Structures are given as C-alpha cells and as structure tokens.
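Trainee: Provided below are the primary sequence and the corresponding predicted coordinates.
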Amino acid sequence: MTKLCRYGRPGSEKPGLIDSSGTLRDLSGLWSDLTPERLSPQSLAQVAAIDAATLPAVEGSPRFGVPISHVSKCVCIGLNYADHAEEAGLPIPQEPIVFLKAPSALCGAHDDIPIPPHASQVDWEVELGIVIGSTARHVTEAKALEHIAGYCIVNDVSERSFQMQSSQWDKGKGCDNFGPVGPFLVTADEIADPQNLRLWLDVNGTRRQDGSTATMIFSVREIIAYLSRYMTLLPGDIIATGTPPGVGMGHKPPLWLQEGDEMRLGIEGLGEQKQTLVRWTR
C-alpha cells in the first residue's frame, strides 16, 4: 500500500512515505516536496517502484502536515448522506450541494483546532477526501475515477451559528484549522471500492459517528463528474464528500465542542486523526 505524507513543522514539511511496517521514510532525496505535480500517474509509479527499505527512516514522532502542498481549492459536498440530511432537518438534495473550504482552513491531521472568537456551535464531520491527480474538466462518470490520485481523511469542522447566518455556508466552514487532512494520502489503486469504506468519529472517547460510504447519496464518480461541469479540478485539489449522521447539530439538545474536547476519527484503510479544541489566541 502506498501511503504518502508530509511531515515536520508547519511551513517546513518534508515529503515522506509510510512503509508496510508503519515506519515513516524520508522521500526528500527523491522529491523536494509532495506538490500537485507529484500526483501524476508517472510520479506515483516512480515512488511505488522504490524499495522503501532503501529510504532513510525518520526518528521520533514528527507532526504530519497536509499530505499535499499548494492545494488550490478544497471543494465540499453537503448533506450527501440521507440520514444526515434528516438529522439536520433539511430535505434530501436532488443534486450535490457544493461549498468551498478556504485553503487557509487546511491543517495537519493532529493539529489543534482553535475555537474562533464569538463561536458557540463548533461541530464535527468525518468525511472521505478525494485527492485529484490529473486535470478533470467535463469528465464522464465512467472516466471520473481515472482522475483520482488517492484518498484521505478530512474532518469538516464547522461553526453552525456562522454557517446558518446566510444561504452561503463558507464562513462557517473556513475558519483556521477547520479542515484537518490526512495523516497521509493512500493511492487510488489501493482502495478497491471507495463506496465501501467504514468511517467513524469519537468525541472524548464516546462514539458519535459510525457510518459507511456505501450510503452516500452521490457517489465518488458522480461527484467528480458533476463538479467538473462547473469548475476545473486541478491536481492536488481536495474534495470532501460529505458526512454520515451523528454530528453535534443532530443531537437533541445539540452537542457543541468545547475547549479541551478531543476528537478521534478514522476511515478504513486511511488511518486516523486526533485533534484537541483550544482557545483562540492572536
């Protein structure tokens, strides 16, 4: 299984590879960074052919950054699970609901999540992330999967009072560190069926979400084909495909994240994330 990552302090990440034993290996002798250009089939074939044991092992437990550098956009799909739409009290969409998460919201898989000033309704959403590997423009569903470099975990952290102030969701989704990605990217050839992956999320050790991508309203194929009609999907772009039920907003009364709360989340074959909510500081 090819697992690619970027590790190190924010702004100084190096490219890495997780080998079959779980050891982090340094890829900086081959690539200076894991840029969108490195997601081409040729580059991925090059790294897949490497004997991982020949790469230097990375000592300690370094931070994992966003697995791809220079992400041009993060496109998100809302209400893509029927039971999540139901818990939100919203109608099942007849076509994908699209919004954007600011690139400045993206962060490493285990980075802290600062609670914005005036925030009162911070929520969680575990989601399957698609990473585009080749430019997709007006593609068919039959060809859609050919444009995927790999998959990853995305936590679509949301501030519901910001989100629901207007018909545009972006400001409730784009706060700093509201988009943990990773910890690594698993290449598409290793995921036999993206519509058959279990995904889950715990808050302070209590299971809050436990679902499967099998229950998506719009499949990975449909999402890529649909988006490519309206925008060019570029290498390195991330698509968050929606969340199963169990978000804080859906509880009665709602459950909102507080300072000190811990989220742990994962997707079958794609690893796990862990974040702590912290007070915002300038």
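Mentor: In hand now; what should we look at?
Trainee: who touches the closest residue to Ala53 other than its chain neighbours in this structure?
Mentor: The shortest distance from Ala53 to any residue that is not its chain neighbour, by CB to CB, 6 or more residues apart in numbering, is 7.4 Å, and that residue is Asp19. (Each C-beta comes from the backbone N, C-alpha and C, glycine too.) For Asp19, the set of contacting residues under the criterion of CB atoms under 8 Å, 6 or more residues apart in numbering consists of Arg25, Ala52, Ala53, Leu55.
Trainee: Helix or strand: which one has the first one?
Mentor: It stands for Arg25. Here Arg25, judged by DSSP states H and E, is contained in strand 24-26.
Trainee: and that strand, what other elements does it pack with?
Mentor: Using 3 or more CB pairs under 8 Å, 6 or more residues apart in numbering; DSSP states H and E as the contact definition, the elements that strand 24-26 packs against are strand 14-18.
Trainee: coming back round to it: take the contacts of Asp19 and write them to JSON lines, including neighbour count.
Mentor: Listed next are the contacts of Asp19 as JSON lines, based on neighbours: other CB atoms under 10 Å:
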{"residue": "Arg25", "neighbour count": "19"}
{"residue": "Ala52", "neighbour count": "16"}
{"residue": "Ala53", "neighbour count": "11"}
{"residue": "Leu55", "neighbour count": "20"}
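Trainee: which one of those is nearest Pro194?
Mentor: Within the contacts of Asp19, distances to Pro194 taken as CB to CB reach their minimum at Ala52, with 24.6 Å.
Trainee: just the helices in the protein please.
Mentor: Here the chain has its helices, by DSSP state H, at 41-48, 82-87, 141-144, 160-163, 170-173, 220-227.
Trainee: mind saving the C-alpha coords of the fourth one as PDB?
Mentor: In this case it means helix 160-163. Listed next in PDB are the C-alpha coordinates belonging to helix 160-163 (Å, rounded to 0.1, in the frame of the first residue of the first chain):
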ATOM      1  CA  ARG A 160     -23.100  26.200  12.900                       C
ATOM      2  CA  SER A 161     -24.100  29.700  14.000                       C
ATOM      3  CA  PHE A 162     -21.700  31.200  11.400                       C
ATOM      4  CA  GLN A 163     -22.800  28.600   8.800                       C
END
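Trainee: Would you mark the buried spots in the helix or strand of the chain with the lowest mean pLDDT?
Mentor: Every helix and strand in the chain was compared by mean pLDDT, DSSP states H and E; the lowest is helix 82-87, with a mean of 83. By neighbour count, with 16 or more other CB atoms under 10 Å as the criterion, the buried positions of helix 82-87 are His84, Ala85, Glu87.
Trainee: contacting residues for the last one?
Mentor: The neighbourhood of Glu87, defined by CB under 8 Å, 6+ apart, consists of Pro245, Gly246, Val247, Met249, Gly250.
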